[in-house]
Each structure stands twice: as structure tokens, then as C-alpha cells.
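> sequence-free structure coming up:
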Ligand SMILES: NC(=O)c1ccc[n+]([C@@H]2O[C@H](COP(=O)([O-])OP(=O)(O)OC[C@H]3O[C@@H](n4cnc5c(N)ncnc54)[C@H](O)[C@@H]3O)[C@@H](O)[C@H]2O)c1
């Protein structure tokens, strides 16, 4: 089995699932985590069925105790994590006019504080090991664009870019790198939701306006996560890499 273990949050579906499969292809031992137990177990099972190494743990990123306990158990079994991918996220349509404190809090809790919980738990053993890589999912929303009626999401995702900068500096002395990926339009349950995002029709409408001519596939993001975790990215830290088919650079 590989001596490199990666943990991925929200890895039961979408970008997280594709990232789990891509790390498995690169011979990592993959710790699949999610609040979706059936989906997460299926991802771990498909990796194992293909000759890889994986296991599923239920991990709600809004629970400090659950995050701490999953990471402690994984470290006990496999040693310090080599790579941490903070992917879990929600995108809710929340107009400012009716926004409740709880709605703001939930998005920030999942999309930003959830990442802090994971890194806070995983960093001590990584620091002792003097190696490791962190990859967080930001978005072109927040880094480049605002999103109508998605202020909490825009704020949380902008926060991710600051989170990786601060984390990169604090952990650099122990040779741990931290970077973010800012995806554009990627076809997942999140974007296919017609209420909280653009839906199928919206994706079809936007595709011709994307310079590379298509909506992104989750694997387009997953491959960049594997690259950022690898030694090929050994001098990159504190960066947010936009992966959007050219959306943010022109029409
Ligand atoms: N799809 C896109 O176009 C796009 C664009 C930019 C950024 N992103 C970001 O990429 C990441 C993955 O997005 P996706 O499109 O695959 O979304 P998705 O909705 O398909 O998957 C999100 C995953 O996060 C999990 N999750 C939600 N709340 C959780 C919690 N409290 N604890 C643990 N897991 C939780 C879900 O169960 C799910 O597995 C998110 O952070 C998202 O904001 C996506």
C-alpha cells in the first residue's frame, strides 16, 4: 500500500468524489469522508474494487468533535496525513433582504470554518513529519466574481483564499504547502440545482460563452488537486489557482 494518505471532505459526490478517484489512481491511500454515508462508502468501495486502498468515515465538517476524532483515528492507523483536501461546501441562494443570521452562519461554518477544523486537527502531525500539502476548494465566486443572492457563499469563498495564504505562511517553516483551487462552472449536483445555482439549462446556456467551449468536469479540478499535492508543485504555496476554462480572463 502507498505510504501517502489523503483525506478528502465531501468526497461522496461531485468534485470530491472525482478527487478521491484521481488520488487513488496516483496510488494514494484515500480517506473518503462526507455526511453522505451511502455515497461515500460507494466511492471507497469502487477504489478498493479497482485494486486501490480506501476507507469511508462519516465526517460532518461543522462538528469539531467529529473532525478531531476522524483525523485522530486515521493518524493512529496510517500515521500523519500526507495530503488534506478541504472540499466540502454548500451554495445556497440567500437574498440579503430576508437573510437570517443562521443562514449566513451555516454557509460560513461549512465553507470556511469547516476547512479550519480539518487543518487545525491534521496540522500538528504533519508538522512533526515536516511534510505535507493542503488543497482547499475556493471558487471564481469570491476570488473574481460576486454572485447575486449568494453573499454568504461569495464571502466564504473569498475567505478561503485568505485562509490558504495564512496557513501557507504558518506551516511553511515545517515544509507544508497550502493552496486553493478556484473552479469556474463544473457540472455537479451543486451547479445542477436550479434553485440554488444555475441548473441544467443554465449550464447549457453558459457553455458556449466559456472560452474553452464547455462546462468543466469534476475531473478537471481533481487532476489539479493531485498536481498541487505532488512534488511537481513543490515551490507553490499560498496560491489560488483558477481552473475555469478561461471564464475569468475574457469572453
Ligand atoms: N461545481 C462548481 O461549479 C463549483 C465551482 C466553484 C467551487 N466549487 C466548490 O467545490 C466544492 C465541491 O463542490 P461540488 O460542486 O462537487 O458540490 P456538490 O454539492 O456536488 O458536493 C458537495 C459535497 O460536500 C458535502 N457536504 C456538504 N455539507 C457538508 C458538511 N457539513 N460536512 C461534510 N460534507 C459536507 C456534500 O455532502 C457533498 O458530498 C465546494 O466547496 C464548492 O463550493 C464548485
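That came through fine. These numbers were taken from a predicted model, which means no experiment stands behind them. Residues are numbered from 1 along each chain as shown.

> Please report the number of neighbouring residues for residue 218.
As a burial measure, residue 218 scores 20 neighbours (other Cβ atoms under 10 Å). All C-beta atoms are positioned from the backbone trio N, CA, C, and that covers glycine.

> burial count for the residue nearest to it when sequence neighbours are not counted?
Spatial nearest neighbour of residue 218, chain neighbours left out: residue 18 (3.5 Å); criterion: Cβ to Cβ, 6 or more residues apart in numbering. Per other Cβ under 10 Å, the neighbour tally for residue 18 reads 24.

> Same check on residue 172?
Neighbour number of residue 172 under other Cβ under 10 Å is 13.

> give me the element the nearest residue to it once chain neighbours are set aside is part of.
Taking Cβ to Cβ, 6+ apart, and ignoring the residues beside it in sequence, residue 172 has residue 237 as its nearest neighbour in space, at 6.2 Å. Per DSSP states H and E, residue 237 falls between elements, in no helix or strand.

> Find the closest residue to the ligand in the stretch 51-200 of the chain.
Per Cβ to the nearest ligand atom, the residue of the stretch 51-200 of the chain with the smallest distance to the ligand is residue 89, at 2.3 Å.

> Residues of the stretch 151-251 of the chain that sit close to the ligand?
183, 185, 186, 188, 189, 190, 191 (Cβ under 6 Å from any ligand atom).

> Buried among the residues you listed? Make that a ChimeraX selection.
Buried subset of these, written as a ChimeraX selection, criterion 16 or more other Cβ atoms under 10 Å:
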select :183,185,186,188,190,191
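
> follow-up on the earlier one: report pLDDT for the residue nearest to residue 172.
pLDDT recorded at residue 237 is 99.

> Tell me which stretches of this protein form helices.
Using DSSP state H, the helices of the chain run over 14-25, 37-49, 64-78, 101-108, 114-129, 140-143, 151-172, 189-192, 199-206, 218-229.
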